[in-house]
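[1] I'll drop the sequence and a predicted model, then ask my questions.
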Amino acid sequence: MRNLLVAFILAAASPSLFAHGNKPDEHQSKLSGSETVPGQVVLAFHKALREQNEVTAKSLLSDDVIIVEGGGIERSAQEYASHHMLSDMKFVSTLSSELREHKVTEYGDSATSLSVSKNTTESGKTYRSYETAILTKRNGKWKIAHLHWSTAK
């Protein structure tokens, strides 16, 4: 009985203990850091892919970028540009995409960008895409050094 009374008092004194919302995927800030320079680099990269702008997309990647996607790995901007970039651009340009979450954290000359997007294909199928990007600042410019993409229904 005493434990129940203590729990009740703590709950009454601290209503924020139960302020998590009804949805399990609800977060306090779903878009946090998009306005930072590293966040803007990631958003510009996605825009370049959608607009099929090879020059801009490649310029936002470090030369030694590592890209992990669909069970494969590409180990440089040149390798990505000569293999999957064009097909990624063609596919992404047909999607309707909504950025649902984006969190960017800076650590001096490096940053992480974590995002979740809801995508809808031309046929109406929807899926979520998840992206982790690591950026580095070299010679005063932020570049994407690592990308990992995955999807889920």
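    Received, thanks. Residues are numbered from 1 along each chain as shown.
[2] And the longest helix along the chain, what does it pack against?
    For the chain, the longest helix by residue count, based on DSSP state H, is helix 37-50. The contact analysis (3 or more C-beta pairs under 8 Å, 6 or more residues apart in numbering; DSSP states H and E) places helix 37-50 against helix 54-59, helix 85-92, strand 96-107, strand 110-120, strand 126-138, strand 141-152. Using the backbone N, CA and C atoms, a C-beta is placed for each residue, glycine as well.
[3] ok, now how distant is the residue nearest the centre of the chain from Thr36?
    Geometric centre of the chain, nearest residue: Ser115, 2.3 Å, by C-alpha atoms, centre = their mean. Ser115 sits 13 Å away from Thr36, going by C-beta to C-beta, to the nearest Å.
[4] Give me the nearest residue to Ser32, chain neighbours excluded.
    In space, and not counting its chain neighbours, Ser32 is closest to Lys103: 4.9 Å by C-beta to C-beta, 6 or more residues apart in numbering.
[5] That neighbour - how many residues pack around it?
    Neighbourhood size, Lys103 [other C-beta atoms under 10 Å]: 17.
[6] need the contact list for it.
    Taking C-beta atoms under 8 Å, 6 or more residues apart in numbering, we find Lys103 in contact with 29, 32-33, 113-115.
[7] Please read off the pLDDT at it from the model.
    Note for Lys103: predicted pLDDT of 96.
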